[in-house]
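> what's the 3D shape of this:
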Amino acid sequence: MKHSTFVITGTDTGVGKTVVACLLTGCLLETGVCVAALKPVASGGRQDARRLQAAAGGALALDEVNPWHFRAPLAPLLAARGERRRLRLAEILAHVRRMQKRFQVVVVESAGGLLSPLGEGFTSRELVVALKATPVVVCPNRLGAINQTLLVVAALPRSLSRRARIVLVSPGRQDLSSRSNARYLAQTLGPARVHVLHRLEHPAQPDRSLADPRVRRIMRSLAAADG
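You can find the predicted model right below:
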């Protein structure tokens with residue numbers, strides 16, 4: 001596999017980005033790929049960063065996985081302002097690019113949704129664009145998922161929106177909307193770009209989840225979408 005970068009973003013916070021990032025990282029690691037999993041910016045805790053660190057086999061120290069973290073559970077820009085700190089896009093890009101030189105694949109989990117402000121004057125969208133990364137958009141598979149997903153895809157530049165992959169994270173019990181969302185999005189965006197991740201029994205244990213052939217198939221498809 002050539003050197004590549006994925007940015008795991010979403011339609012909101014708490015939609016399953018960490019689960020997807022850990023599964024993708026674990027899948028790549030199992031196939032012998034040298035992979036780094038990063039959450040450059042976090043606010044309200046570092047649990048996600050610790051899970052990513054574990055998923056990548058502890059290849060990086062926690063402060064390398066997550067160099068910028070803030071106490072308040074707010075959008076990072078607002079949390080940073082509360083601590084009288086300032087975060088610049090150039091700093092994040094420099095860190096990710098250092099990792100790109102060390103690893104074949106870099107999986108970056110963003111904070112919040114695509115347009116959630118990370119720092120002064122930039123969001124995860126600017127991060128995706130600057131890195132020319134493959135965006136992976138995570139959305140809960142429920143009523144409203146079609147609109148939310150298409151809004152995120154539309155917010156990306158056309159060259160990147162065409163490469164974006166969608167992961168719909170299904171609830172425990174599916175309803176009419178969760179059964180039809182993927183079908184419509186596949187018709188609109190293309191079937192190879194839309195995946196449905198069913199409810200996982202062990203979401204915090206990617207190795208156990210990857211034992212399911214359906215999960216492994218999705219992650220391998222995402223891993224192949226790097227160009």
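
> number of nearby residues for G44?
G44 has 16 neighbouring residues, counting by other C-beta atoms under 10 Å. All C-beta spots, glycine's among them, are computed from the backbone N, C-alpha and C.

> now the one 3 residues further on
Around Q47 sit 12 other residues, with neighbours defined as other C-beta under 10 Å.

> can you list contacts of stretch 157-172?
15-16, 19-20, 128-129, 132-142, 145, 149, 152-154, 156, 178, 181-182, 185, 189, 193-199, 218, 221-222, 225, 227 (C-beta atoms under 8 Å, 6 or more residues apart in numbering).

> so the residue positioned nearest the centre of the chain: helix, strand or coil?
Against the mean C-alpha coordinate of the chain, by C-alpha atoms, centre = their mean, the closest residue is I8 at 1.5 Å. Under DSSP: H, G, I helix; E, B strand; the rest coil, the three-state class of I8 is strand.

> what ranges does the protein have for its helices?
17-30, 47-55, 62-65, 76-82, 89-102, 124-131, 145-155, 158-161, 176-189, 206-209, 213-223 (DSSP state H).

> so which elements touch the second one?
Read that as helix 47-55. Here helix 47-55 is seen to pack against helix 17-30, strand 35-38, helix 62-65, strand 105-109 when contacts are counted using 3 or more C-beta pairs under 8 Å, 6 or more residues apart in numbering; DSSP states H and E.

> now stretch 84-101: buried residues?
L87, L89, I92, L93, H95, V96, M99, Q100 (16 or more other C-beta atoms under 10 Å).

> which of these sits closest to D63?
The shortest gap between D63 and any of the buried residues of stretch 84-101 belongs to H95, at 10.5 Å (C-beta to C-beta).

> that older thread, was I right about the residue nearest to the centre of the chain contacting V136?
Yes: contact criterion C-beta atoms under 8 Å: I8 and V136 qualify, at 4.9 Å.

> anything in contact with each of those two?
Common neighbours of I8 and V136 (C-beta under 8 Å, 6+ apart) are V20, L24.

> low-scoring pLDDT stretches of the chain, where are they?
Applying pLDDT under 70 to the chain flags residues 1-2, 226-227.

> and the residue of it most remote from its centre, how far from P76?
Distance to the chain centre peaks in the chain at R84, reaching 27.5 Å (criterion: C-alpha atoms, centre = their mean). Distance from R84 to P76, counting by C-beta to C-beta, to the nearest Å: 14 Å.

> related to what we said a few turns ago, deepest of the helices of the chain, which one?
Ranked by mean neighbour count, those are led by helix 17-30 with a mean of 25 (mean count of other C-beta atoms under 10 Å).

> ok, residues contacting that helix?
With contact meaning C-beta under 8 Å, 6+ apart, helix 17-30 is reached by 6, 8-10, 35, 37, 39, 48, 51-52, 54-57, 105, 107, 109-110, 136, 138, 167, 169, 197, 200, 203, 206-207, 209-210, 215-216, 218-220, 222-223.
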